[in-house]
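Q: Structure of the sequence below:
(one chain, ligands or ions: 2)
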Amino acid sequence: MSNEYRMNAIKRITEEPVSSFMPAATAYIGFYGEDSFNTETMKAYLPKDVSKKLFATIENGATLDPDIAKDVAHAMKKWAMDRGATHYTHWFQPLTGSTAEKHDSFLEPDGDKAIMAFSDKNLIMGEPDASSFPSGGLRSTFEARGYTAWDPTSPAFIKRHGNGATLCIPTAFCSYTSEALDMKTPLLRSLQALQKSTRRLMNIFEIPEEKLTVTLGAEQEYFLIDKHFYLQRPDLYQAGRTLFGAPPAKHQQMEDHYFGSIPTRILNFMNDVEKELWRLGIPAKTRHNEVAPAQFELAPMFENVNLACDHNMQIMEILRQVADRHGLVCLLHEKPFAGINGSGKHNNWSLSYGKTNLLNPGKDPHENAIFLTTLCALIFAVDSHPDLLRMAVSGAGNDHRLGANEAPPAIISMYLGDQLTDVIEQLENGVPKSSKQAGTMRIGVDLLPSLPRDATDRNRTSPFAFTGNKFEFRAPGSSQSCSEPNVILNTIVAEAFDKISDELEKIPYDKFHDGLQKLLQNIVKEHKKVIFNGNGYTEEWVLEAKKRGLPNIHTTMEALQALVKKENVMLFEKYGVLNHRELTSRYEVNMEEYHKRIHIEGEIARDMAKNIILPEAVGAYSKALKVNEMALNQGLPGVDSYAKTLGEGIKKLLGSIEIMEKALLSKHEEIIRAMDDMRVIVDSLEQIVPDGEWPLPKYREMLFVY
Ligand code: ADP
Ligand code: MG
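A: Residues are numbered from 1 along each chain as shown. Ligands and ions are numbered 1, 2, ... in the order given. Take a look at the predicted model:
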């Protein structure tokens, strides 16, 4: 039987031993952060004056004193060796969207012996050959060389494997001419820009100068399936998603998975993941079942955005590795299974100025004025740059998710909740009326009702929702780096703050409050079209958004154009985040990646149809023909209608393979169309070929058997 592998897989899964060992929770918490060269570790390993200087760099962005690098390198090496590391690597994030590392051992031969060496130069700079990383043309005009530069604001960490460990040093990755070849560099630059604009604005509000911390809590969604099934699906292990698969009778319609009790095998996996994350000082906090069967979520506590981005890259890697050890596979693709929910990465973003969260509705009129100004800046920013936010979440995988029924739409709008919208409307109209919440409020920036969190967190269909004291950008895809969406947010908010400061600085001191109110009124008037509190999944919203003139950008190809639009180039250059050449290079890298991905998927679909599905379908057909003939010979009822349906399905399949061959020589739209058509044919064959003859693990098995 050709489904023997499938059946064996199920048998093996049922025989999988379930661990019942449950160590005490304290045993885990105890080693929190022990594999991170964090503040505690630095204090323990560095001379006091050195750690003080290093903290000044980390905390306040003071330029690093080059004299301390020697001591830091020495301490880092000592610490890493104490933790069992024999190697070190600069750890960076090239434009492939994943992380890169090239290990060197500490070993340095010294006569017949060897010493363990790690110099300040080794710490500060690396020189990996950049020629094999995507650079979108930045490389060819200059040199192949690339440089990695230590980012002291993100702690070095230890990466363990079966029998060893490596010291990983977070770094930025640039070309010979200092052009960014990675995800981290623009993020760091955008933070600088936003800090400057925030300080300028806060200065107008007479708030003493503080450090700005952009905070990010990235909720990570993922699927887990058994490895035995995965290895029988070339589409999964080559493209990360199923290209075929008929919908199972039961999927998520019973709504019985979300927040359901977590199966033991999965909990064991989650526990191991958390253990590794905690060891690295990554504050994994929340775990639960997601909406789709076999879908789960991990949410860490928020941290400063640079660290949170690095940590999210580590989280994705650890999810994959630990799954492998548990005989599972963690699918991070945005849409591994058609017809059921995809996975996102909710980007919870806020600003802390000193200790004050600027998106926290305040306790007094002054705080409220700052809160409303920040809120209006966000309304201004999002409405002015929906194309950039959409661009930041584009990609072949997320194209299947955005605008599909269960994901935020591709239309970028903002959800504020009824109460806050009410406040904004009163601000706009300038007419006092009673607030929706109990009690009256004076209009404008003087007084605000307190906003309970649950009053703002009810809408799950909005791509950009105010959730109490932060904005939750829900459009990023589960596999994407957090960096890009936050580069955009930081930059467009920096611009919005500056535009507001430009106006406020013109207002005479004694007219400040009236002037501020007028300014915020104007912003609301001009930009409120981006606010939408209704159901974002409906057709009516698509029409309404069109009327309001909000863009609805469906595909990656279209979305990427934002990278090279003239006004956007000017914006990024003004804030020193990315220059024209860097933007063009990113545009080219993303375009190329998109095309390659679609092409690879098309080839996989063709191969699976031709070499896996067709032979089995033909086998089933020939059996049916034989049975039919035998039956008719004996005067028994035949199965001719069944045979005919199968034969027609096979004919269609042959046709679609031919169409795919042609499409593969043509444009990506053709490939996508050919894949969609082929899928319909294969999925209907799956429903008529006898279960015992079907060669691929089915949706019901992958999603429910683990
Ligand atoms: P939900 O699923 O209801 O949105 P979660 O608890 O799964 O909530 O995730 C909320 C995320 O938002 C967490 O990562 C949390 O740490 C983060 N968060 C909370 N406050 C802030 C803040 N001020 N800035 C950034 N992120 C925050
Ligand atoms: Mg959550």
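
Q: List the buried residues of stretch 303-320.
A: Within stretch 303-320, the residues scored as buried using 16 or more other Cβ atoms under 10 Å are 303-319. Bear in mind the C-beta positions are built from the backbone N, C-alpha and C, glycine included.

Q: now, which of the residues you listed lie within helices?
A: When DSSP state H defines the helices, the subset of the buried residues of stretch 303-320 inside them is 305-319.

Q: ok, back up a step: the buried residues of stretch 303-320: which ones sit near ligand 2?
A: Applying Cβ under 5 Å from the ion to those, one finds that nothing falls near ligand 2.

Q: Any part of stretch 207-227 near ligand 1?
A: Yes. Among the residues of stretch 207-227, 215-217, 219 lie within reach of ligand 1 under Cβ under 6 Å from any ligand atom.

Q: Can you mark which positions in stretch 233-248 are buried?
A: For stretch 233-248, burial by neighbour count (16+ other Cβ under 10 Å) applies to 233-236, 239-246, 248.

Q: any chance of those residues in CSV, with distance to ligand 2, secondary structure and pLDDT too?
A: Formatted as CSV, the buried residues of stretch 233-248 follow (distance: Cβ to the ion, whole Å; DSSP: H, G, I helix; E, B strand; the rest coil; pLDDT from 0 to 100):
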residue, distance to ligand 2, secondary structure, pLDDT
Arg233, 28, coil, 97
Pro234, 33, helix, 97
Asp235, 29, helix, 98
Leu236, 25, helix, 98
Ala239, 27, helix, 97
Gly240, 23, coil, 98
Arg241, 23, coil, 98
Thr242, 25, coil, 98
Leu243, 29, coil, 98
Phe244, 31, coil, 98
Gly245, 27, coil, 98
Ala246, 30, coil, 95
Pro248, 26, coil, 90
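
Q: now, among the residues you listed, which is nearest to Arg12?
A: Within the set of the buried residues of stretch 233-248, Arg233 lies nearest Arg12; the separation is 15.9 Å, counting by Cβ to Cβ.

Q: got a list of what that closest one touches?
A: With Cβ atoms under 8 Å, 6 or more residues apart in numbering as the criterion, the residues that contact Arg233 are 242, 696-697, 702.

Q: Pro695 versus that one, what's the distance?
A: Using Cβ to Cβ, to the nearest Å, Arg233 is found at 10 Å from Pro695.

Q: follow-up on the earlier one: any of the contacts of Arg233 buried? List them.
A: Among the contacts of Arg233, those buried by neighbour count (16+ other Cβ under 10 Å) are 242, 696-697, 702.

Q: ok, of these, which one's closest to ligand 2?
A: Met702 (23.8 Å; Cβ to the ion).

Q: Was I right to think the closest one contacts Phe229?
A: Yes. Shown here, Met702 and Phe229 form a contact pair, counting by Cβ atoms under 8 Å, at 4.8 Å.

Q: Give me the longest helix you can find in the protein.
A: Ranked by residue count and defined by DSSP H, the top helix of the chain is helix 580-607.

Q: So which bits of whichever helix or strand comes after that helix are buried?
A: On the C-terminal side of helix 580-607, the closest following helix or strand by DSSP states H and E is helix 614-633. Within helix 614-633, the residues scored as buried using 16+ other Cβ under 10 Å are 614, 616-617, 620-621, 624-625, 628.

Q: Check stretch 44-57 too.
A: Under 16+ other Cβ under 10 Å, the buried positions of stretch 44-57 are 45-46, 50-51, 53-55.

Q: Just want the residue of the protein that's nearest ligand 2.
A: Ranking the residues of the chain by distance to ligand 2 (Cβ to the ion) places Glu219 first, at 4.3 Å.

Q: I'd guessed that residue sits against Ser343; true?
A: No. Using Cβ under 8 Å, Glu219 is not in contact with Ser343, being 10.2 Å away.

Q: Between those two, which has more neighbouring residues?
A: Ser343 (26 against 20; other Cβ atoms under 10 Å).

Q: That one contacts His333, correct?
A: Yes. The pair Ser343 and His333 passes the contact test of Cβ under 8 Å, sitting 7.3 Å apart.

Q: What residues are bridge-paired with the closest residue to ligand 1 within the stretch 201-350 of the chain?
A: When scored by Cβ to the nearest ligand atom, the stretch 201-350 of the chain has Gly217 as its residue closest to ligand 1, at 2.4 Å. The partner list for Gly217 in beta bridges (DSSP bridges) reads Asn348.

Q: and it, what does it touch?
A: With contacts taken as Cβ under 8 Å, 6+ apart, Gly217 has the following neighbours: 299-303, 308, 348, 470.

Q: and Asp129, how many neighbours does it have?
A: Counted by other Cβ under 10 Å, the residues lying close to Asp129 total 10.

Q: just use 571 as the starting number from now, easier for me
A: Yep, numbering from 571; the last one is Asp699 now.

Q: From Asn882, how far off is it?
A: Between Asp699 and Asn882 the distance, using Cβ to Cβ, works out to 27 Å.

Q: In the chain, where is pLDDT below threshold?
A: Low-confidence regions of the chain, defined here as pLDDT under 70, cover residues 571-572, 587-598, 709-714, 975, 1001-1028.

Q: interface residues of it facing ligand 2?
A: Counting by Cβ under 5 Å from the ion, the residues of the chain close to ligand 2 are 789, 869.

Q: what's the nearest residue to Ile994 if we skip its chain neighbours?
A: The spatial neighbour of Ile994 that comes closest, neighbours along the chain excluded (Cβ to Cβ, 6 or more residues apart in numbering), is Val1094 at 5.5 Å.

Q: Would you confirm that the one you found belongs to a helix?
A: Yes. For Val1094, which was evaluated using DSSP: H, G, I helix; E, B strand; the rest coil, the result is membership in a helix.

Q: How about the contacts made by it?
A: Each residue near Val1094 by Cβ under 8 Å, 6+ apart is listed here: 946, 949, 994-995, 997-998.

Q: what's in contact with stretch 831-845?
A: 586, 588-589, 598, 794, 854, 857-859, 866, 868, 888-889, 892-893, 895-896, 898, 1276.

Q: what's the span of stretch 1141-1149, first residue to last?
A: When the termini of stretch 1141-1149 are compared using Cα to Cα, to the nearest Å, they are 9 Å apart.

Q: Tell me what the closest residue to Ile1101 other than its chain neighbours is bridged to.
A: Once flanking residues are discounted, Ile1101 sits nearest to Met984: 5.2 Å by Cβ to Cβ, 6+ apart. On the basis of DSSP bridges, Met984 is bridged to Phe1034, Ile1101.

Q: Let me see the contact set for Met984.
A: The contact partners of Met984, taken as Cβ under 8 Å, 6+ apart, are 948-949, 952-953, 1032, 1034-1036, 1100-1102.

Q: And the residue nearest the centre of the chain, how close does it get to Asn968?
A: For the chain, the residue nearest the mean C-alpha position is Gln1050 (3.7 Å; Cα atoms, centre = their mean). As defined by Cβ to Cβ, Gln1050 lies at a distance of 7 Å from Asn968.

Q: what does Pro870 give?
A: Counting by Cβ to Cβ, the separation of Pro870 from Asn968 is 21 Å.

Q: who's more crowded, those two?
A: The residue with the greater number of neighbours, taking Pro870 and Asn968 and applying other Cβ under 10 Å, is Asn968; the counts read 27 against 21.

Q: Let's see which of the buried ones among the contacts of Arg803 end up in helices.
A: Among the buried ones among the contacts of Arg803, the members that lie in helices (by DSSP H) are Met1272.

Q: hang on, isn't Pro1121 packed against Arg960?
A: Yes. With contact defined as Cβ under 8 Å, Pro1121 reaches Arg960; the gap is 7.2 Å.

Q: Helices along the stretch 671-820 of the chain, start to end?
A: Using DSSP state H, counting those that start in this stretch, the helices found in the stretch 671-820 of the chain span residues 690-694, 708-711, 754-774, 797-800, 804-809.

Q: packing partners for the last one?
A: In this structure, helix 804-809 packs against helix 1150-1177, with contacts taken as 3 or more Cβ pairs under 8 Å, 6 or more residues apart in numbering; DSSP states H and E.
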